[in-house]
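**Student:** A predicted structure for the sequence below; I have some questions about it.
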Amino acid sequence: MNEHFVRRTSCPACDSPVFEEVFRTSYTAAPIRDYLASFYSAQGGVEFDLLEGADYALAECHACGLIFQREIPGPGLSLKLYEEWIDPEKSFEIYEAPRRLSYFLTLTDEIANLLQHFDRAPGDLRVLDVGMGWGFWCRAAIGLGCEAYGVDISPSRVENAARRGVRVLSWEAIPDGQFDLINADQVFEHLPRPLETLRQLRRALKPGGLLKISVPDGRSVKRNLEYGDWLATAESPRSLNPVAPLEHINCFTRHVLIAMAAAAGLRPTFVPERITVRGPAESGLSRLKAAAKLLLGRAGAPFNREGTRVVFVRAES
């Protein structure tokens, strides 16, 4: 096996050793090579010589149903992937700089609705954003009055967030029982050991604290593997983004996410959406459409472009 990769021998969501491969091909052959060249060319580029002899292999766990990549980038290749192949400056210009006011208002709405669960002044609440990226979530939480912390593996993003007033923690320094709210948005699909990580985050929550997890919607992946359209965009019903090679190494459904959380000592909870700062310009029909999309997603629609989002609570203890 390629020295830059690590082979997983059990399911990363439930530790079961019973699984079967559902897809395998070389990283340096079509269609995966074509996908990697297309996806990373604008962001930085791929050194294909580092992928020689490595296979992109998907397995499905018999116990919990998780689809996961068996051979994943080791620490050195991961750092190169997120700091060079995805050049931070280019990535920021492509994905982050164009964000409009509506994005930040929606972000503020989401955080405010999670905070109202506690019925306490925001200044009394301590929050953590895991995989904070450029720190937008933390900065919005600070704007609402919270004591906000962030953690990320990217040195450039950590430096940027700290420069803008976010309290930055290392992964090892996340304290036990200190946070009222933890946000993990588009993080768990990237983690080598998601169950282990979830158990640590559960310990970091105060009793009664909330953990919000958002991941790509993996319900259509097995069907879309048959179509094999690796160049389909993330917005396409045939998208394979939930199993994006190298990055999305865990493919969750809502069912699998809830089962993994139960093993970590968390249970799902419902937080009603009562707060909006968007004003009359986005009321009426636009909010009705948003509510309909939310209901369709919860009812099990075959494709959900906005992914899977579940809020969990740590039981009082």
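**Tutor:** Nice, thanks for sending it over.

**Student:** Go through stretch 148-157 and flag the buried ones.
**Tutor:** Going by neighbour count (16 or more other CB atoms under 10 Å), the buried part of stretch 148-157 is 148, 149, 150, 151, 152, 154, 156, 157. To be clear about C-beta, it is placed using only N, CA and C from the backbone, and glycine gets the same treatment.

**Student:** Could you export it as PDB, CA atoms only?
**Tutor:** The C-alpha coordinates for stretch 148-157 follow below in PDB (Å, rounded to 0.1, in the frame of the first residue of the first chain):
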ATOM      1  CA  ALA A 148     -16.400  31.800  21.600                       C
ATOM      2  CA  TYR A 149     -13.600  29.400  20.900                       C
ATOM      3  CA  GLY A 150     -12.500  27.600  17.800                       C
ATOM      4  CA  VAL A 151     -10.200  24.700  16.700                       C
ATOM      5  CA  ASP A 152      -8.900  23.800  13.300                       C
ATOM      6  CA  ILE A 153      -6.000  21.800  11.800                       C
ATOM      7  CA  SER A 154      -5.000  24.500   9.300                       C
ATOM      8  CA  PRO A 155      -2.300  26.800  10.500                       C
ATOM      9  CA  SER A 156      -3.300  29.600   8.100                       C
ATOM     10  CA  ARG A 157      -6.900  29.500   9.200                       C
END
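
**Student:** Low-confidence stretches in this protein?
**Tutor:** Of all residues in the chain, those with pLDDT under 70 make up the ranges 278-306, 317.

**Student:** the domain parsing of it - what is it?
**Tutor:** 1-98+217-251, 99-216+253-277+303-314 (automatic domain parsing).

**Student:** Pull up the distance across the first one, start to finish.
**Tutor:** End-to-end distance for domain 1-98+217-251, by CA to CA, to the nearest Å: 23 Å.

**Student:** quick one: that domain to chain centroid distance?
**Tutor:** Distance of domain 1-98+217-251 from the chain centroid (CA atoms, centre = their mean, to the nearest Å) equals 14 Å.

**Student:** before we move on, what about the longest one?
**Tutor:** For domain 99-216+253-277+303-314, the distance from its own C-alpha centre to the chain's C-alpha centre is 10 Å (CA atoms, centre = their mean).

**Student:** Report how far apart the opening and closing residues of that domain are.
**Tutor:** Using CA to CA, the end-to-end distance of domain 99-216+253-277+303-314 comes out at 33 Å.

**Student:** Tell me which of the buried residues of stretch 148-157 fall in strands.
**Tutor:** The strands, defined by DSSP state E, take in 148, 149, 150, 151 from the buried residues of stretch 148-157.

**Student:** any idea how far the last one is from residue 142?
**Tutor:** Going back to what we said before, that points to residue 151. Using CB to CB, to the nearest Å, residue 151 is found at 15 Å from residue 142.

**Student:** One more: the second one?
**Tutor:** Distance check for residue 149 against residue 142: by CB to CB, it reads 10 Å.

**Student:** Equivalent analysis for the first one, please.
**Tutor:** When distance is defined by CB to CB, residue 148 is 5 Å away from residue 142.

**Student:** and for the two, which residues touch both?
**Tutor:** residue 166 (CB atoms under 8 Å, 6 or more residues apart in numbering).

**Student:** count of residues packed around the residue lying closest to residue 233 once chain neighbours are set aside?
**Tutor:** Of all residues not flanking residue 233 in the chain, residue 239 sits nearest, at 6.4 Å (CB to CB, 6 or more residues apart in numbering). The number of residues packed near residue 239 is 23, by other CB atoms under 10 Å.

**Student:** again, but for residue 18
**Tutor:** 10.

**Student:** quick revisit: how about the secondary structure of the residue nearest to residue 233?
**Tutor:** Look at residue 239: counting by DSSP: H, G, I helix; E, B strand; the rest coil, its state is coil.
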